[in-house]
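Trainee: Pasting the sequence and the predicted model now:
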Amino acid sequence: MPTAVNNWQTDQKAGNGKQPKPEYKSAFRILKSYINPHRKTFTLVTICTIIAIASELFQPYLVKIAIDDNLMAGKNDYSSLIVICAIYLGLSISSLFFTYLQNNLLQDAGQSIVSRIRKQLFEHITRLSMSYFDKTSSGSLITHVSSDTEAVNQFFNQVLLTLLRDGLTLISILVMMFYLDTTLGLYCLLLLPIIALIAIGFRSFMRTTYQMARTRLSRLVAFVAENLAGMSLIQVFHQQKAQGELYKERNEDYFKANVREIRTAVTFNRTFDLLGNLTIAFVVWTGGKAVLGDTMEFGVLYAFITYIRQFFQPINAITQQWNTLQSATVAVNRIWGILDVEPEIKDAAKPVKINHDAIKGRVDFNRISFSYGNGTPIFRGLDLHINPGEMVGIVGTTGAGKSSLMSLLCRFYDVNEGSVQIDGNDVRHIPQAELHRIVGLVQQEPYLYAGSIIDNVRMFDESISREDVVRACEFVGADQLVSRMAEGYDTRLSEKGSGLSAGERQLISFARIIVFRPKILILDEATANLDSQTEQLIQRALQVVSEGRTTIVIAHRLSTIMQADRIIVLSHGSIVESGTHAELIELQGVYEELYRHSQGEAAAASEAESANESAAAPEAHTIR
Ligand SMILES: Nc1ncnc2c1ncn2[C@@H]1O[C@H](COP(=O)(O)OP(=O)(O)OP(=O)(O)O)[C@@H](O)[C@H]1O
Ligand SMILES: [Mg+2]
């Protein structure tokens, strides 16, 4: 399964330490543009933070006042003690209140920014051209939409708050310590770079272990995904044991990485605690001597020790957030890497005005040349002209370029040379929204969405009435299938229409195309999944639908196109034969050979089918 595998590869790169270098400048510039509209909120957050920190840091100082000016001074001043206690309580409540407020405000702003980014990203991706999806795996796009936006979320959720709150706390604590005792304050200031160095060293080690655990988890997930996708293959080839062994290996790898990560974290945290306690012991020793020597008040020592305790927490938090900041920066740059991609296929600056009802459906491929990216050319000067209302069948071996030709008509890609025209208008000049109303495409693998049958047929377009949908379903013979469902047309299909057979999904997608009444209808291997009787049903429907409508049918099964006004045989991107069925048979060329082969297959298939019919229960064929 390419998705999971690619995802794993992305993670592998990250695990090898080859992660893109975070470019803080551009990331911050981008984030700032998102923060700007929320400036007021962010100012309020800062004010709340300052009040909350002040309320917290003033508490030890209050105790110092109580000790030095009251208890140690030998005054029996109960009333001022009560006042101090009341203020202490007030400060605690204030700290609680403003912390709560600050958190809520920041979350509101942060979450709304992240949800905006997520929406923007998704909308942008849906506007990108098919050539982009050829180059980019859906796995990595899923990672961008999910975990990269999550990293930005963490930036607002944790990093910003930490930088603001813990940064301010650290500075304030230092100020308070210097205010209380300059010498001790100086000692602690000297300690700061040492602590920071230890913390940063540990953190980078922890990052490596974290990355490793993540890489191994991705490998594990990719492995499961692959196996789930190919479960039938595993069971048919009895691969359970072999796959189980492989899984065991990966699982053990992940287990080890996890244990290592946890051990590193525990070691770091305990080292940090130890460092904190050593500092306290040091302060008790030097401060204690000073108190005994009467050069320091006892309350000062008490306050100092309390501040030292609080000193380590913000340093820890800041170094911890450093990693998150790095991933967020990389994520932001990656997200903007996608947002900066311009769709290759864009509407012309001055598009032609199209009167949808006046479109006749003439299609011209004028000496077109085309290649995917810089690959080998698929078409070299192909010329094909289709008259309005004509039904053209296209046949050719696998890889001949049939689907590619249709992609050019739908303008999923642009030609390198020549032009594709509809009623004399270059498709590059027709607005895409209009073009896709003119050209309707039914592919071999129809895509159904999670939603009711009605919604799937009308593609969530409420302006199409229920009656129209029902009529379209009856028209293609999907009504029998629907009537067997528990809630009829309101039955909800699960994602990708699972639960329906490929042929049943195709019937629904036929109904879809009929509802949208395109002027030019393309069926690309659309009947390949249908049994021959359902195909006949579709064939009849097709005859009615193709009436007055240009229809291009690509089929391996020649019975589908025998009735076409013209059949075109494509080989290696060139038209090698063209004519009606009878003409081509007479020509005794490629088509005739294909036809002979298909006759052989058809005979075999009908034999198999009749054998089935006699064996199977009658209800097995209800969708006919
Ligand atoms: N998205 C793509 N990127 C690069 N090459 C592509 C892409 N799609 C198709 N090709 C190549 O273009 C050639 C024509 O492919 P195309 O899908 O048009 O063939 P086809 O006639 O529809 O075949 P089939 O009968 O199997 O559907 C093939 O060689 C294929 O490998
Ligand atoms: Mg094809």
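Mentor: Perfect, I can see it now. This one's a predicted model, so the numbers in the text were calculated from it and none came from an experiment. Numbering: from 1, shown residues only. Ligands and ions are numbered 1, 2, ... in the order given.

Trainee: Tell me if I'm right that Phe42 and Tyr34 touch.
Mentor: No. Phe42 is not in contact with Tyr34 according to C-beta atoms under 8 Å; the separation is 10.9 Å. Glycine gets a C-beta too; all of them are placed from N, C-alpha and C.

Trainee: what number of residues lie near the closest residue to ligand 1 within the stretch 151-300 of the chain?
Mentor: Taking C-beta to the nearest ligand atom, ligand 1 has its nearest neighbour within the stretch 151-300 of the chain at Ala229, 20.7 Å off. Ala229 is flanked by 14 other residues according to other C-beta atoms under 10 Å.

Trainee: confidence score at it?
Mentor: Ala229 is assigned 78 on the pLDDT scale.

Trainee: try Leu570
Mentor: Looking at Leu570, the pLDDT reads 94.

Trainee: Can you name the residues bridging to it?
Mentor: Beta-bridge pairing of Leu570 under DSSP bridges involves Gly396, Ile575.

Trainee: Report how many residues lie close to it.
Mentor: 24.

Trainee: The helix ranked longest in the chain: how far from the chain's middle?
Mentor: Counting residues, the longest helix found in the chain (DSSP state H) is helix 240-292. Centroid separation between helix 240-292 and its chain, computed with C-alpha atoms, centre = their mean, to the nearest Å, is 34 Å.

Trainee: and it, what other elements does it pack with?
Mentor: Where contact means 3 or more C-beta pairs under 8 Å, 6 or more residues apart in numbering; DSSP states H and E, helix 240-292 is packed against helix 182-229, helix 298-339.

Trainee: May I have the helix or strand just after the first one exported as CSV, CA atoms only?
Mentor: Tracing the chain past helix 182-229, the next element assigned as helix or strand by DSSP states H and E is helix 231-236. Output of helix 231-236 as CSV, limited to C-alpha atoms (Å, rounded to 0.1, in the frame of the first residue of the first chain):
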residue,chain,number,x,y,z
MET,A,231,-5.3,-9.6,3.6
SER,A,232,-6.9,-11.9,1.0
LEU,A,233,-3.5,-12.5,-0.5
ILE,A,234,-2.0,-13.4,2.8
GLN,A,235,-4.7,-15.9,3.5
VAL,A,236,-4.7,-17.4,0.1
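
Trainee: how about helix 231-236: buried residues?
Mentor: Neighbour counts over helix 231-236 (16 or more other C-beta atoms under 10 Å) mark Ile234 as buried.

Trainee: Need the contact partners of it.
Mentor: Helix 231-236 is contacted by residues 227, 239-240, 243 when judged by C-beta atoms under 8 Å, 6 or more residues apart in numbering.

Trainee: at 7 Å instead, please
Mentor: 227, 240, 243 (C-beta atoms under 7 Å, 6 or more residues apart in numbering).

Trainee: what's the answer for stretch 386-394, then?
Mentor: Contacts for stretch 386-394 (C-beta under 7 Å, 6+ apart): 360-363, 402, 546, 548-555, 561, 564-568, 570.

Trainee: Make a PyMOL selection of the buried ones in these.
Mentor: Under the burial definition 16+ other C-beta under 10 Å, those of the contacts of stretch 386-394 that qualify are selected in PyMOL by:
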select buried, resi 361+362+363+402+546+549+550+551+552+553+554+555+561+564+566+567+568+570
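
Trainee: Which members of the contacts of stretch 386-394 are positioned in helices?
Mentor: Judged by DSSP H, the contacts of stretch 386-394 include 402, 546 as members of helices.

Trainee: re earlier: most neighbours among the contacts of helix 231-236, please name it.
Mentor: Of the contacts of helix 231-236, with other C-beta under 10 Å as the count, Asn227 tops at 19 neighbours.

Trainee: Point out the other helices and strands that the helix or strand hosting Met177 packs with.
Mentor: According to DSSP H and E, Met177 maps onto helix 160-180. Judged by 3 or more C-beta pairs under 7 Å, 6 or more residues apart in numbering; DSSP states H and E, helix 160-180 is in contact with helix 39-65, helix 182-229, helix 298-339.

Trainee: could you dump that helix to CSV, C-alpha only?
Mentor: Only the C-alpha atoms of helix 160-180 are listed here, as CSV (Å, rounded to 0.1, in the frame of the first residue of the first chain):
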residue,chain,number,x,y,z
LEU,A,160,3.8,30.0,22.9
LEU,A,161,2.5,29.7,26.4
THR,A,162,5.8,28.3,27.7
LEU,A,163,7.9,31.0,26.1
LEU,A,164,5.6,33.7,27.5
ARG,A,165,4.8,32.3,30.9
ASP,A,166,7.9,30.4,31.8
GLY,A,167,10.2,33.0,30.2
LEU,A,168,8.6,35.8,32.2
THR,A,169,8.6,33.6,35.4
LEU,A,170,12.3,32.9,35.0
ILE,A,171,13.1,36.6,34.6
SER,A,172,10.9,37.6,37.5
ILE,A,173,12.4,35.0,39.8
LEU,A,174,15.9,36.2,39.0
VAL,A,175,14.8,39.8,39.8
MET,A,176,13.3,38.7,43.1
MET,A,177,16.4,36.7,44.0
PHE,A,178,18.7,39.7,43.3
TYR,A,179,16.4,41.9,45.2
LEU,A,180,16.5,39.6,48.2
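
Trainee: Tell me where this structure is predicted with low confidence.
Mentor: Under the criterion pLDDT under 70, the flagged ranges of the chain are 1-22, 495-498, 529, 601-624.

Trainee: Close to ligand 1: what parts of it are there?
Mentor: 134, 372, 375, 378, 396, 398-404 (C-beta under 6 Å from any ligand atom).

Trainee: and the residues you listed, which are buried?
Mentor: For the residues of the chain next to ligand 1, a burial check counting by 16+ other C-beta under 10 Å picks out 378, 396, 400-404.

Trainee: Please name the residues that touch Leu220.
Mentor: 250-251, 254.

Trainee: Only whichever of the residues you listed are buried, select them in PyMOL.
Mentor: Selecting only the buried entries of those in PyMOL, with 16+ other C-beta under 10 Å as the criterion:
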select buried, resi 250+254
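
Trainee: I'd like the contacts of Leu220 as TSV, with distance to Phe58 appended.
Mentor: Below are the contacts of Leu220 laid out as TSV (distance: C-beta to C-beta, whole Å):
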residue	distance to Phe58
Arg250	54
Asn251	53
Tyr254	48
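
Trainee: Contacts only, for Phe510.
Mentor: 442, 476, 538, 541.

Trainee: what residues are up against the nearest residue to the first one once chain neighbours are set aside?
Mentor: It stands for Val442. Excluding the flanking residues, the one nearest Val442 by C-beta to C-beta, 6 or more residues apart in numbering is Ala526, at 4.3 Å. Ala526 is in contact with 442-444, 506, counting by C-beta under 7 Å, 6+ apart.

Trainee: and Ser571, how many residues sit next to it?
Mentor: Around Ser571 there are 15 other residues, counting by other C-beta under 10 Å.

Trainee: make that Gln533, sorry
Mentor: 13.

Trainee: In terms of helices and strands, where is it?
Mentor: Assessed by DSSP H and E, Gln533 sits inside helix 532-546.

Trainee: That helix packs against which elements?
Mentor: With contacts taken as 3+ C-beta pairs under 7 Å, 6+ apart, helix 532-546 sits against helix 466-476, helix 502-516.

Trainee: Now do Gly337 against ligand 1, distance only.
Mentor: Gly337 sits at a distance of 22 Å from ligand 1 (criterion: C-beta to the nearest ligand atom, to the nearest Å).

Trainee: same question, Ser327
Mentor: Computed as C-beta to the nearest ligand atom, the Ser327 to ligand 1 distance reads 32 Å.
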